[in-house]
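Visitor: Sharing a model that was predicted from the sequence below.
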Amino acid sequence: MTLDRKNVRIDPRTPWLAGVRRLLSPMAGVTDRPFRDICRRFGADMGFCEFASASGLTYGGEATWRLVDTDGEQGLVGVQIFGNDPEHMATAARLLRDKRMDVLDINFGCPAKKVVKKCGGSALLADVPLLEKIVRAVVAESTVPVTAKIRSGWDTGSVNYREVGLLLQEAGVPWVTIHGRTRAQKFTGAADWDHIADLVELLEIPVIGNGDVTDAESYRRMVAHTRCHGVMIGRGAIGNPWLFAAMRAVDEDRPVPEIAFAEMCAVTCDHIRGEVTARGEKRGCLVVRKHIARTFRGYPGAAALRRRLYATVRSQEMIAILEEAAAAGGPLPAGNFSREET
Ligand SMILES: Cc1cc2nc3c(=O)[nH]c(=O)nc-3n(C[C@H](O)[C@H](O)[C@H](O)COP(=O)(O)O)c2cc1C
């Protein structure tokens, strides 16, 4: 059964948005170029870079600029910036003009102390006049459309996604993404999909829903509950880029495809190669670990496989271990390990 979604006004600057349903969230330390490419391979319509500090970009911080790793990237990609100073945000937008990107997203959702302490990220939900100044400053300087990612509000006493959503729409953003939690909730409890549904009904522009979609069923439920234009996936994609294939199957009304163990190994090998090219041998191997921790969860013998993979920071060794496991049809024959170990 096709999913029912609200009819929305598509900005003529982003005609492709009409077909964008499955987006990979920006995630610091996770959504770098190799991972974005892998997610697209399985059905993500769009990816976002890890958030970058506007001050870091303004002052030419090498590490910050490395986060905006989009040169030559194929497919839709957004860059995300955060900060509390309208001038720095405007400068960052100006400095990013030559970058390959389809939208420039502003982060109004990060709950991290070091970001909030400087009044960036979700702290701006508690200072709407400053938030508005920032949006207008970035819109004025950016050569690509500016989007925003918000939370429901600062805390339960100050839920203000309606006010912020209307302000953003009025400022000319082509869409708004909402994570249905307040800053105070951080990542606890459940995302409030009623907030997402309410914002979808309120705005004429598309709303992208975010929070707690982890499989085909929760994807179907979020769209049915909210009628949102698209869904952005964060944690559910870590170690599980196949989630996008499952979502695509839901969108195309097909059975959700099964992913063979050997394919998981092959994709993990590709990911290791990509990260090593992007970050160098040791960093590249280390960064894939957080994906490996999840990819093989639940397989008999997965704990032993992980231990072997974690024991090395040499990509050729990791790849050989994975190829051996794939050829054997699994980490170890089922039954050799207890459930707790997997
Ligand atoms: C490790 C990690 C890093 C994140 N980094 C960012 C970020 O850079 N920018 C952002 O807007 N949200 C960031 N988020 C929040 C996610 O994009 C997403 O909004 C949140 O995890 C809720 O969605 P989910 O339930 O699908 O994970 C991060 C989340 C995680 C777990």
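Guide: Everything's here; your move. Numbering: from 1, shown residues only.
Visitor: Near the ligand, which residues of the chain are found?
Guide: 25-30, 50-51, 80, 107, 109-110, 149, 179, 210-213, 233-236 (C-beta under 6 Å from any ligand atom). For every residue, glycine as well, the C-beta is placed using N, CA and C.
Visitor: go again using 5 Å as the cut-off
Guide: Contact residues (C-beta under 5 Å from any ligand atom) of the chain with the ligand: 25-28, 51, 107, 109, 149, 179, 210-212, 234-235.
Visitor: And those residues, which two are furthest apart?
Guide: Farthest pair in the residues of the chain next to the ligand (C-beta to C-beta) is Phe51 and Asp212. Separation: 20.3 Å.
Visitor: Compare those two and say which is more crowded by neighbours.
Guide: Shown here are Phe51 and Asp212; by other C-beta atoms under 10 Å, Phe51 has more neighbours (27 against 20).
Visitor: Looking at the residues of the chain next to the ligand, which is nearest Glu141?
Guide: The closest of the residues of the chain next to the ligand, once distances to Glu141 are taken by C-beta to C-beta, is Asn107, at 16.7 Å.
Visitor: Please enumerate the strands of this structure.
Guide: Remark: strands assigned in the chain by DSSP state E are 22-24, 46-48, 52-53, 76-82, 103-108, 146-153, 176-182, 207-210, 230-233.
Visitor: Give me the distance from the last one to the chain's centre.
Guide: Remark: strand 230-233 is offset 8 Å from the chain centroid, using C-alpha atoms, centre = their mean, to the nearest Å.
Visitor: Note down every partner strand of it and its orientation.
Guide: strand 22-24 (parallel), strand 207-210 (parallel) (DSSP bridges).
Visitor: OK, contacts around Ile238?
Guide: Ile238 sits next to Met27, Val30, Lys290, His291, Arg294 when contact means C-beta atoms under 8 Å, 6 or more residues apart in numbering.
Visitor: now Asp102
Guide: Per C-beta under 8 Å, 6+ apart, neighbours of Asp102: Thr14, Trp16, Met46, Leu76, Val77, Gly78, Val144, Pro145.
Visitor: Return the helix or strand in the protein with minimum mean pLDDT.
Guide: helix 113-116 (a mean of 78; mean pLDDT, DSSP states H and E).
Visitor: what domains does the record give for this structure?
Guide: 15-251, 261-341 (automatic domain parsing).
Visitor: Among the ones you listed, show me which one is buried the most.
Guide: domain 15-251 (a mean of 20; mean count of other C-beta atoms under 10 Å).
Visitor: Test my guess that Pro174 contacts Asp11.
Guide: Yes - here Pro174 lies in contact with Asp11, judged by C-beta atoms under 8 Å, at a distance of 3.6 Å.
Visitor: quick one: common contacting residues for the two?
Guide: Leu17, Pro145, Ile205.
Visitor: Show the pLDDT at the first one.
Guide: Which is Leu17. Leu17 is assigned a predicted lDDT (pLDDT) of 98.
Visitor: Now it: closest residue in space, sequence neighbours ignored.
Guide: Ile10 (5.5 Å; C-beta to C-beta, 6 or more residues apart in numbering).
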